[in-house]
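*Asks:* show me how the following folds:
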Amino acid sequence: MSLIAKRLQTVKPSPTLAIAAKAKELTLQGINIISLAAGEPDFDTPDNIKLAAIEGIKNGATKYTAVSGTPELRKAVCEKFKRENELDYKIDEVIVSTGGKQVIYNLFMATIDEGDEVIIPAPYWVSYPDMVLLAGGTPVFVSSDMRNGFKAPTEEIEKAITKKSKWLILNSPSNPSGAAYTKQDLTKIAELVRKYPHLHVMSDDIYEHITFDDFKFTTLATIAPDLKERIFIVNGVSKTYSMTGWRIGYGAGNKAIIKAMDVIQSQSTSNPSSISQIAALEAISGPQHYIKTNTENFQKKRDLVLSMLWEIEGLACYKSEGAFYLFPKCSGLFGKVTPKGDKINSSSDLATYLLEAANVAVVPGIAFGLEGYFRISYATSAEVLTEACNRMAHAISQLKTT
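*Replies:* Numbering: from 1, shown residues only. Prediction:
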């Protein structure tokens with residue numbers, strides 16, 4: 001009898017974290033590695049947020065809180081939804097967890113029974129399928145690509161719907177592509193969801209505030225208030241406020257679902273860090289002016305990397321609407337041979353080659369469910385990005401046609 005549970009046989013470690021770890025390992029060996037693999041902002045947590053946490057520590061806010069988060073923070077989340085999304089939630093319709101990832105995990109554990117299906121448009125954030133599997137569900141993938149802006153057509157989503165379908169995942173702006181759903185896109189999805197009363201939607205809005213070129217973010221529940229009880233929103237402070245290490249995410253939805261998630265959280269982690277909750281309260285309720293500045297900075301970096309990628313023969317790239325990723329198409333390089341004689345047959349082969357030959361770490365597209373692409377995180381300085389693109393361009397120029 002194996003000591004390890006069988007359900008773990010279907011779950012893979014996070015490839016993005018694995019690549020980041022490999023890049024760090026090579027760096028420790030003295031190799032000058034540029035990592036474009038990590039999914040976190042490069043600016044620091046704003047000072048007002050850090051100071052609020054320090055004051056919390058000084059004032060003794062170091063004890064257990066309510067499992068679902070402090071009433072003050074949940075109230076602030078409700079006010080955020082009202083202020084920014086025109087949505088009304090009560091405190092008992094909101095939960096605060098140890099990161100957005102735990103919100104999603106608890107949601108699936110609370111709602112998915114063995115055999116339930118979750119529709120996941122690809123490319124997708126790497127953890128969605130594995131969390132569905134851990135909950136006993138079945139991931140059902142619907143593919144898109146650069147030609148349709150990395151947004152699965154509604155007719156293809158509809159083909160994937162069965163009697164077992166429980167959730168449809170929407171992530172906008174998207175990790176890994178940076179693609180974002182317009183109001184028109186969401187209106188079509190709402191029309192589809194109305195046709196299937198048993199289908200619910202998980203809207204992952206974690207990159208809500210990072211959008212470019214005057215793109216206006218909208219969440220599905222705002223477009224379709226009649227579907228609000230069937231929509232669960234996931235958000236957090238990690239990306240907007242550069243608080244990835246503080247580990248605070250929040251979710252909003254049906255009160256019965258929130259109550260079930262609270263039960264799970266009470267028997268796993270219990271409450272999120274009391275200090276991090278104080279910091280998150282300041283982030284959500286305090287000054288917001290730096291969001292625009294940081295987003296404008298990200299847009300400049302996107303434009304820089306995009307222009308350089310289009311100059312590399314064999315690559316093509318979609319102009320993303322948000323987040324801080326680009327998802328270049330690299331299938332034009334498949335079949336070529338490295339100077340060492342190795343053949344590039346996949347995005348994983350290319351990522352390995354770029355790490356070894358260019359000392360640049362990127363994430364292969366297959367990790368996100370779409371072969372023929374790779375992900376770049378441009379959350380670093382313009383100087384580093386320029387050097388990384390020059391290195392990649394040189395390494396790719398060394399590839400030969402067989």
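
*Asks:* mind checking how far residue 153 is from residue 125?
*Replies:* 20 Å (CB to CB, to the nearest Å). Heads up, the C-betas are built off the backbone N, CA and C, glycines and all.

*Asks:* ditto for residue 265
*Replies:* For residue 265, the distance to residue 125 - CB to CB - is 21 Å.

*Asks:* and the nearest residue to residue 91 once chain neighbours are set aside, how many neighbours?
*Replies:* Leaving aside its chain neighbours, residue 91 sits nearest to residue 74 (4.6 Å; criterion: CB to CB, 6 or more residues apart in numbering). Counted with other CB atoms under 10 Å, the neighbours of residue 74 add up to 25.

*Asks:* so what's the residue count around residue 237?
*Replies:* Residue 237 has 26 neighbouring residues, counting by other CB under 10 Å.

*Asks:* doesn't residue 243 make contact with it?
*Replies:* Yes: using CB atoms under 8 Å, residue 237 is in contact with residue 243, at 4.5 Å.

*Asks:* need the overlap of contacts for the two.
*Replies:* Jointly contacting residue 237 and residue 243 under the rule CB atoms under 8 Å, 6 or more residues apart in numbering are 279, 280, 283.

*Asks:* how about the residues you listed in TSV, adding pLDDT, neighbour count and distance to residue 214?
*Replies:* Converted to TSV, those look like this (pLDDT from 0 to 100; neighbours: other CB atoms under 10 Å; distance: CB to CB, whole Å):
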residue	pLDDT	neighbour count	distance to residue 214
279	98	27	31
280	98	31	28
283	98	28	25
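
*Asks:* closest to residue 134 among those?
*Replies:* Using CB to CB, residue 280 comes nearest to residue 134 of the shared contacts of residue 237 and residue 243, at 25.9 Å.

*Asks:* same list (the shared contacts of residue 237 and residue 243) but as TSV, adding distance to residue 328 and secondary structure.
*Replies:* Formatted as TSV, these follow (distance: CB to CB, whole Å; DSSP: H, G, I helix; E, B strand; the rest coil):
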residue	distance to residue 328	secondary structure
279	35	helix
280	34	helix
283	32	helix
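
*Asks:* where are the low-confidence patches of the stretch 1-150 of the chain?
*Replies:* Applying pLDDT under 70 to the stretch 1-150 of the chain flags the ranges 15-16.

*Asks:* which stretches in it count as strands?
*Replies:* Remark: strands assigned in the stretch 1-150 of the chain by DSSP state E, counting those that start in this stretch are 34-35, 94-97, 117-122, 138-143.

*Asks:* could I get those as JSON lines with mean neighbour count?
*Replies:* Shown next, in JSON lines, are the strands of the stretch 1-150 of the chain (neighbours: other CB atoms under 10 Å):
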{"stretch": "strand 34-35", "mean neighbour count": "22"}
{"stretch": "strand 94-97", "mean neighbour count": "28"}
{"stretch": "strand 117-122", "mean neighbour count": "23"}
{"stretch": "strand 138-143", "mean neighbour count": "18"}
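
*Asks:* go ahead and confirm the residue nearest to residue 91 touches residue 90.
*Replies:* No: under the criterion of CB under 8 Å, residue 74 is not in contact with residue 90, lying 9.1 Å apart.

*Asks:* tell me who's in contact with the spatially most central residue of the chain.
*Replies:* Centroid-nearest residue in the chain, with CA atoms, centre = their mean: residue 175, separated by 4.4 Å. Residues in contact with residue 175, defined by CB under 8 Å, 6+ apart, are 39, 125, 206, 207, 323, 325.

*Asks:* show me how the record splits the chain into domains.
*Replies:* 6-44+290-396, 63-285 (automatic domain parsing).

*Asks:* tell me which of these lies nearest to residue 53.
*Replies:* Short answer: domain 63-285, nearest of these by CB to CB, at 4.2 Å.

*Asks:* buried residues in stretch 294-311?
*Replies:* 294, 295, 297, 298, 299, 301, 302, 305, 306, 308, 309 (16 or more other CB atoms under 10 Å).

*Asks:* do you know how far the fourth one is from residue 179?
*Replies:* Between residue 298 and residue 179 the computed distance is 15 Å (CB to CB).

*Asks:* which residue ranges form the strands in the stretch 151-300 of the chain?
*Replies:* 165-171, 200-204, 231-236, 249-252.

*Asks:* excluding its backbone neighbours, what's nearest residue 347?
*Replies:* Using CB to CB, 6+ apart, the nearest residue to residue 347 is residue 364, at 3.7 Å.

*Asks:* what's the burial count for the one you found?
*Replies:* 23.

*Asks:* surely it and residue 345 touch.
*Replies:* No: the pair residue 364 and residue 345 fails to qualify as a contact (CB under 8 Å) at a distance of 11.6 Å.

*Asks:* residues contacting residue 223?
*Replies:* Shown in contact with residue 223 (CB under 8 Å, 6+ apart): 183, 186, 187, 190.

*Asks:* related to what we said a few turns ago, list the residues that contact the residue nearest to residue 347.
*Replies:* Here residue 364 is in contact with 15, 346, 347, 348, 350, 351, 374, 375 (CB under 8 Å, 6+ apart).

*Asks:* okay, and the beta partners of it?
*Replies:* Beta-bridge pairing for residue 364 (DSSP bridges): residue 374.

*Asks:* relative to residue 294, how far out is it?
*Replies:* 28 Å.

*Asks:* re the thing from before, turn the strands of the stretch 151-300 of the chain into TSV, columns for mean neighbour count.
*Replies:* Formatted as TSV, the strands of the stretch 151-300 of the chain follow (neighbours: other CB under 10 Å):
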stretch	mean neighbour count
strand 165-171	23
strand 200-204	24
strand 231-236	26
strand 249-252	26
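
*Asks:* mind putting the ones you listed into a markdown table with distance to residue 316 and mean pLDDT?
*Replies:* Converted to a markdown table, these look like this (distance: least, CB to CB, whole Å; pLDDT from 0 to 100):
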| stretch | distance to residue 316 | mean pLDDT |
| --- | --- | --- |
| strand 165-171 | 22 | 98 |
| strand 200-204 | 26 | 98 |
| strand 231-236 | 31 | 98 |
| strand 249-252 | 34 | 98 |
